[in-house]
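**Student:** no sequence on this one, just coordinates:
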């Protein structure tokens, strides 16, 4: 018998369309209001490149170019646009400088029909539960998102017709003795199959 090939799901920010994670890794849902995936350190690069000049131009043994090795969490190799760390001095600043804009974005995405139907009823609870988890773990978290994680979106005007200021999704990295885990607020993503 033939088995049906697995179509990978990629989870994209409902606001920006940027990819944040996929089901290429196991997606865990045992933390209320959150998804999470494990991440491991991976090294890329370090390959000698023969420039093909030989000794003709006096290069001799030094002609090879060494592409430097780089080690980082595999989540950043797979979704390199997320390698933008955002720092917040306190949980209060996090809520004021980011989360309120993210909440407003998700409310608007529900209104625009961009939140998956199966998540509409649980989104409010997920956002509240996720915020409590973020507060509880705040001092142990690192925050990653796209470079313009807070931006004006003309395609979603406010009541006065001005561009709305919204916050894109964030990846919350908890890196401790249990390993590296990236957390994401459940229900705030669209799914694309590839």
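**Tutor:** Nice, thanks for sending it over. Because the structure is a prediction, the values reported are computed rather than measured.
**Student:** From the contact counts, what lies against the top helix by length along the chain?
**Tutor:** In the chain, assigned by DSSP state H, the helix with the most residues is helix 117-137. Applying 3 or more C-beta pairs under 8 Å, 6 or more residues apart in numbering; DSSP states H and E, one finds that helix 117-137 contacts strand 34-39, helix 91-94, helix 100-111, strand 171-176, strand 179-185. Quick note: C-beta positions are derived from backbone N, CA and C, even for glycine.
**Student:** Strand 171-176 and that one, what's the angle between them?
**Tutor:** 50 degrees (axes from the mean of the first three to the mean of the last three C-alpha atoms, to 10 degrees).
**Student:** Any chance of the helices and strands packed on helix 117-137 in TSV with distance to residue 128, mean pLDDT and mean neighbour count as columns?
**Tutor:** Converted to TSV, the helices and strands packed on helix 117-137 look like this (distance: least, C-beta to C-beta, whole Å; pLDDT from 0 to 100; neighbours: other C-beta atoms under 10 Å):
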stretch	distance to residue 128	mean pLDDT	mean neighbour count
strand 34-39	12	96	21
helix 91-94	15	98	15
helix 100-111	10	95	18
strand 171-176	16	95	18
strand 179-185	10	96	20
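**Student:** Including distance to residue 146, could these go into CSV?
**Tutor:** What follows is these, written out as CSV (distance: least, C-beta to C-beta, whole Å):
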stretch, distance to residue 146
strand 34-39, 18
helix 91-94, 17
helix 100-111, 12
strand 171-176, 10
strand 179-185, 13
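**Student:** Of all these, which one is nearest residue 75?
**Tutor:** Residue 75 lies closest to strand 34-39 among the helices and strands packed on helix 117-137, at 4.4 Å (C-beta to C-beta).
**Student:** Would you mind pulling up the elements that the closest one packs against?
**Tutor:** By 3+ C-beta pairs under 8 Å, 6+ apart, strand 34-39 packs against helix 74-78, helix 117-137, strand 179-185.
**Student:** Return the member of the ones you listed having the minimum mean pLDDT.
**Tutor:** Lowest mean pLDDT within the helices and strands packed on strand 34-39: helix 74-78, a mean of 91.
**Student:** which strands and helices sit next to the helix or strand following that one?
**Tutor:** The C-terminal neighbour of helix 74-78 among helices and strands, as given by DSSP states H and E, is strand 84-86. Applying 3+ C-beta pairs under 8 Å, 6+ apart, we find strand 84-86 packed against strand 141-145.
**Student:** Direction included, what does the strand it packs on pair against?
**Tutor:** Strand 141-145 has the following sheet partners, assigned by DSSP bridges: strand 84-86 (antiparallel), strand 171-176 (antiparallel).
**Student:** Distance to residue 161 added to these, as CSV?
**Tutor:** Below are the strands paired with strand 141-145 laid out as CSV (distance: least, C-beta to C-beta, whole Å):
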stretch, distance to residue 161
strand 84-86, 30
strand 171-176, 33
